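In: Sequence and predicted model, in that order:
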Amino acid sequence: MLGEGVDPQVSADVSAVCGAAAWWVGFFAIIRHRGVHHLTLQPEKPPVARTVRGVLHACWAFPLTVLYTAQVATTASPTVREFFSAYLRMQAEQLGQARDSFQTAITLVDHDDLRRRMIHVFDAALDITTVRAT
């Protein structure tokens, strides 16, 4: 990915970070269809408030980056692992602060399976960051 003469571990670490970034960009592109149904792309009635969408977006996307980061950190170089650990500590604080808002906003998701998945991902990320932060 980086060309010749680059340490293979550094190249692998950069690839892992790029993979996480690509996932994030892809998810963000999908969620930008605000106010439309996720399958039909037809306008939802009534539209969910922008603040609620923002909370749900953040409480889905950032926990996914936590899950990915925790997974790739196990094989990253010590320097990158240190960076990932700092990121997970930061996410522990931010997810903790967002917990109450998420619990309120998630009640507006009327698709049972999607709501369960979002809660599961949020809780899993919270568990990972709580364990890593201590």
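Out: Structure's in. What do you need? Residues are numbered from 1 along each chain as shown.

In: average pLDDT for the helix ranked longest in the chain?
Out: Determined from DSSP state H, the single longest helix within the chain is helix 78-105. Averaging pLDDT along helix 78-105 yields 89.

In: any chance you could map the helices in this structure?
Out: 8-31, 50-73, 78-105, 112-133.

In: Can you tell me which of these is packed in deepest?
Out: helix 50-73 (a mean of 18; mean count of other Cβ atoms under 10 Å). The C-beta positions use only the backbone N, C-alpha and C, and glycine is treated the same way.

In: Got phi/psi on Asp7?
Out: With angles defined as degrees, to the nearest 10, Asp7 sits at phi -50, psi 130.

In: Okay, it and Asp13: tell me how far apart.
Out: 9 Å (Cβ to Cβ, to the nearest Å).

In: What helices and strands are in contact with the longest helix of the chain?
Out: Helix 78-105 sits against helix 8-31, helix 50-73, helix 112-133, with contacts defined as 3 or more Cβ pairs under 8 Å, 6 or more residues apart in numbering; DSSP states H and E.

In: Excluding its own residues, what touches the last one? List them.
Out: Helix 112-133 is contacted from outside by 56, 59-60, 62-64, 66-67, 70, 85, 88-89, 91-93, 95-96, 99, 102, 106, 109, using Cβ atoms under 8 Å, 6 or more residues apart in numbering.

In: Try it again at 7 Å.
Out: Residues from elsewhere that reach helix 112-133 (Cβ atoms under 7 Å, 6 or more residues apart in numbering): 59-60, 63-64, 66-67, 70, 85, 88-89, 91-92, 95, 102, 106, 109.
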